[in-house]
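**Student:** what follows is a predicted structure for the sequence shown.
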Amino acid sequence: MKSKKLSENILKTIKSRGYKYIELDAIIAADQIIQRSGENFRQYMFSFQDPNGNEMCLRPDLTIVSCLRYLNNKTKTREKIFYSGQAFRKIKDQDGKIIRNQVGYEIIGSKNIKQDDYEIIQTSLKTIQKIKKTKIKIEIGNIKLFNLLLDKLKLPKRWKLRLSRHFWREKYFETLIKRLETNSDIDPLSVEIDKKRYNKMKSENQSQIIGGRKISEILNRFNNKIKDPRKFAEGKKTASIIREYLKISCPTNAARKKLNNFFSKHKIKINLKDEFFPLKDKLGKNKIIFSTNFGRELEYYTGMVFNIKDQSSTNLIQGGRYDNLLSNLGSNRKIPAVGAAINLNSYDN
């Protein structure tokens, strides 16, 4: 960094808001990352074997390591923590560096969602003030809103799961929407064959075993499959609603009204409350924009997401809520979590 004093000011600001400093392991078991992120993540990791033959890796992500620490310590209470260090990934980031210098801060194990979301964003804004960036861009969204919309749409369950699962993969998601518009994944001939088999098996012994399953179980699956195909008009209409939703972008103080008008227009029974909008006002001369399309590249976020950039659109601070992350890492109970990370590499230039 250009200035060690800048880093010290950042840490001091975070600590002054009641966060406790912790140290994170630099080396962790590789399977702890792969189990959460899948085998594809292996290509980004710096991994090796320890003397006992266990695969280990340099930490590729500080948030995951922080959550693993929370679980390994068997913590049951709320923690408000911060940390600093380096994350290591083989793929180059936008600054052309494989080592990411970061400061992170989190609130784990608290059910005060609105209060904690607000606290994380306010800490970020206070930090920006210490960095003395005169003009910044603030964008905020909420992944949970999209899932609320999906739940109310006339879609088969498998389509809801598919669209939710791939929301963060923007290009593939667009492919799914096109398939939804045209029903291109449905083979009418196969559907008719299934219906004939279904009707034939209804007259047979329901306890008979075929392929390891009772006929009654097979019929139940057939029943779901027969009901699954949508009318073309419904698929096209649903795709249109989703596209319109993802185009909503406005000052955050107008977001609630704009979204509720959208839901009312399409006769969708959703009435949003303030919990989805932790920031409402301008920050000095800086507008805060709420966008339904924001945060889609951040895979493990589940709720509020935000990003603060400078005038050249360099990412300064990113954060959000990740209530499913600790469960994905092995917790047998749902543990709420929200946090943010400061990209210190942004200040090296």
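**Tutor:** Great, that's in hand. Numbering: from 1, shown residues only.

**Student:** can you pull the contacts of the most centrally placed residue in the chain?
**Tutor:** Most central residue of the chain, judged by C-alpha distance to the mean C-alpha position with Cα atoms, centre = their mean, is Y301 at 2.2 Å. Each residue near Y301 by Cβ atoms under 8 Å, 6 or more residues apart in numbering is listed here: 143, 295, 320-322. (C-beta placed from N, C-alpha, C; glycine too.)

**Student:** next one: the nearest residue to it once chain neighbours are set aside from K90, what distance?
**Tutor:** The shortest distance from Y301 to any non-neighbouring residue, by Cβ to Cβ, 6 or more residues apart in numbering, is to G320 (4.2 Å). Distance from G320 to K90, counting by Cβ to Cβ, to the nearest Å: 25 Å.

**Student:** of these two, who's got more company?
**Tutor:** More neighbours surround G320 than the other of G320 and K90, with 26 against 12 (other Cβ atoms under 10 Å).

**Student:** tell me the bridge partners for the more buried one.
**Tutor:** Here G320 sits in beta bridges with V305, G339, as judged by DSSP bridges.

**Student:** that older thread, correct me if wrong: the residue nearest to Y301 contacts G295.
**Tutor:** Yes. With contact taken as Cβ atoms under 8 Å, G320 and G295 are classed as touching, separated by 6.4 Å.

**Student:** pretty sure K236 contacts K178?
**Tutor:** No. K236 lies out of contact with K178 (Cβ under 8 Å); the separation is 10.7 Å.

**Student:** of those two, which one has the most company?
**Tutor:** For K236 versus K178, the count of surrounding residues by other Cβ under 10 Å is larger for K236: 14 against 11.

**Student:** mind listing residues that contact whichever helix or strand that one is part of?
**Tutor:** Assigned by DSSP states H and E, K236 belongs to helix 232-245. Judged by Cβ under 8 Å, 6+ apart, the contacts made with helix 232-245 from elsewhere in the structure are 146, 149, 153-155, 163, 177-178, 180-183, 230, 262, 266, 268, 292.

**Student:** among these, which ones are buried?
**Tutor:** Using 16 or more other Cβ atoms under 10 Å as the burial test, the contacts of helix 232-245 include 146, 149, 153, 155, 163, 177, 180-181, 183, 230, 262, 266, 268, 292 as buried.

**Student:** where does confidence bottom out across those?
**Tutor:** In this model, the minimum pLDDT among these belongs to R230 (49).

**Student:** so how far is I242 from the closest residue to K269 other than its chain neighbours?
**Tutor:** Distances taken as Cβ to Cβ, 6+ apart put K152 closest to K269, at 6.2 Å, once the chain neighbours are dropped. As for K152, its distance to I242 is 12 Å (criterion: Cβ to Cβ).

**Student:** ok, now S327?
**Tutor:** In this structure, S327 lies at 27 Å from I242, with Cβ to Cβ as the measure.

**Student:** list the contacts of stretch 201-210.
**Tutor:** Contacts made with stretch 201-210 from outside it, assessed by Cβ under 8 Å, 6+ apart, are listed as 214-216, 218-219, 222.

**Student:** kindly check the end-to-end length of it for me.
**Tutor:** Distance between the two ends of stretch 201-210: 11 Å, counting by Cα to Cα, to the nearest Å.
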